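Participant: Below are the sequence and a predicted model for it; my questions follow.
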Amino acid sequence: MNKKILLTGADGQLGQSILRESSKFPSFTFIPTDQHNLDITNPQEVSNELDKIKPDYIINTAAYTNVDSAESDYDTALAINSTAVNNLAVECKKRGIFLVHYSTDYVFSGEKKEPYYIHDKCTPLNIYGKTKWLGEQAIVSVNPNALIIRTSWIFSIFNTNFVKTMINLASKKEELSIIKDQIGQPTSAHDLAFFTLNFLFQNQPTGLDTIHFSNKGICSWHEFASEIIYQSYNLHIVQKKPLINAVTSEEYPQKATRPKNSVLDISDTEARFNVNIRNWKDALNDVLILISNAKQETIDG
């Protein structure tokens, strides 16, 4: 039986990645929305839309993700990352709709030396992390049937992200300074999108759950940048390799404080859902090949 999925934030990199993966799941019908045709911060608008569409699932990829801008734009970040999530949770609870929502590694302080487990204490350091944590808490307090997926360092072929920024900077600069003392796990939005849709396809989900999903392998931002440039050069995406200097967080001040360690433990996700999540370097290679092919098509076209 065909199931309807209402996709919020469909113009973001995760939303677009889900739409890209959607062809692999013909039993789902997707209704993509973004801020231009559905204001999820408006509870009445959410209610009206759900009455009209009657979806079986909502996948909420809408988020305020500019970590530094959030420091001076608390109200907007709170509205999108928490108030809107509460609206969705309330309406899903009323109608028995299953909600998938994404959160972040930045709900953690980074003081722990080991990877973070699902039930570790959340003490976010910045406004972005705080508003995402409030979004999680909103879902828990409403208690709909829902899956909260915490993820980290997302990249894809879509929109602006760290991978595309590094490629762009490599073509303009001889030297780059990248932070070496913040570690985490890069995550392909394409891999996360497939995991999400496969989860809904394979299961009849009920209850409320929180899991972690990122690609395997721990690295610093400096190591991530170095691998991006290395692979991009080999794929002829960039014509030269800039010098990549490793600097500390103190040497590269940013508006928002980031956790020094935001590695998510994903072993529970692999075991429970019987998946073998691949290494971020392999996932990166796939994305860079797509970028390379798109670049070649532009040249040929």
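Facilitator: Yep, that arrived. Numbers count the residues shown, from 1 in each chain.
Participant: And the nearest residue to residue 221 once chain neighbours are set aside, how far from residue 123?
Facilitator: Leaving out its chain neighbours, the residue that sits closest to residue 221 by Cβ to Cβ, 6 or more residues apart in numbering is residue 179, at 4.6 Å. The way it works is simple: take the backbone N, C-alpha and C, and place the C-beta from them, glycine included. Distance of residue 179 to residue 123, given as Cβ to Cβ, to the nearest Å: 21 Å.
Participant: Which strands and helices lie in contact with the least confident helix or strand in the chain by mean pLDDT?
Facilitator: Scoring the helices and strands of the chain by mean pLDDT, DSSP states H and E places helix 280-300 at the bottom, with a mean of 85. With contacts taken as 3 or more Cβ pairs under 8 Å, 6 or more residues apart in numbering; DSSP states H and E, helix 280-300 sits against helix 162-170, strand 187-188, helix 189-202, helix 221-234.
Participant: Out of these, which gets nearest to residue 209?
Facilitator: helix 189-202 (10.3 Å; Cβ to Cβ).
Participant: which residues are in contact with the very next helix or strand once past the closest one?
Facilitator: Next along the chain after helix 189-202, taking DSSP states H and E as the criterion, comes strand 208-212. Here strand 208-212 makes contact (Cβ atoms under 8 Å, 6 or more residues apart in numbering) with 103, 116, 118, 136, 139-140, 143-151, 264-266, 268-269, 272.
Participant: Just the buried subset of those, please.
Facilitator: Among the contacts of strand 208-212, those buried by neighbour count (16 or more other Cβ atoms under 10 Å) are 103, 116, 136, 139, 144-151, 264, 266, 269.
Participant: Looking at those residues, which one is closest to residue 11?
Facilitator: residue 151 (18.4 Å).
Participant: Helices along the chain, start to end?
Facilitator: Using DSSP state H, the helices of the chain run over 13-21, 43-53, 74-78, 84-95, 127-142, 162-170, 189-202, 221-234, 267-273, 280-300.
Participant: out of those helices, which comes closest to residue 257?
Facilitator: Using Cβ to Cβ, the nearest of the helices of the chain to residue 257 is helix 127-142, at 9.3 Å.
Participant: Compute the first-to-last residue distance for stretch 173-181.
Facilitator: 22 Å (Cα to Cα, to the nearest Å).
Participant: my bad, stretch 115-129
Facilitator: 17 Å.
Participant: Mind listing what's buried along it?
Facilitator: Applying 16+ other Cβ under 10 Å to stretch 115-129 flags 115-116, 122, 124-129 as buried.
Participant: Now tabulate those residues in JSON lines and tack on pLDDT and distance to residue 227.
Facilitator: Below are the buried residues of stretch 115-129 laid out as JSON lines (pLDDT from 0 to 100; distance: Cβ to Cβ, whole Å):
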{"residue": "115", "pLDDT": "97", "distance to residue 227": "20"}
{"residue": "116", "pLDDT": "98", "distance to residue 227": "23"}
{"residue": "122", "pLDDT": "97", "distance to residue 227": "29"}
{"residue": "124", "pLDDT": "97", "distance to residue 227": "27"}
{"residue": "125", "pLDDT": "94", "distance to residue 227": "26"}
{"residue": "126", "pLDDT": "97", "distance to residue 227": "26"}
{"residue": "127", "pLDDT": "97", "distance to residue 227": "30"}
{"residue": "128", "pLDDT": "98", "distance to residue 227": "25"}
{"residue": "129", "pLDDT": "97", "distance to residue 227": "25"}
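Participant: okay if I get those residues as TSV plus distance to residue 184?
Facilitator: TSV is the format used below for these (distance: Cβ to Cβ, whole Å):
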residue	distance to residue 184
115	10
116	10
122	16
124	14
125	13
126	14
127	19
128	14
129	13
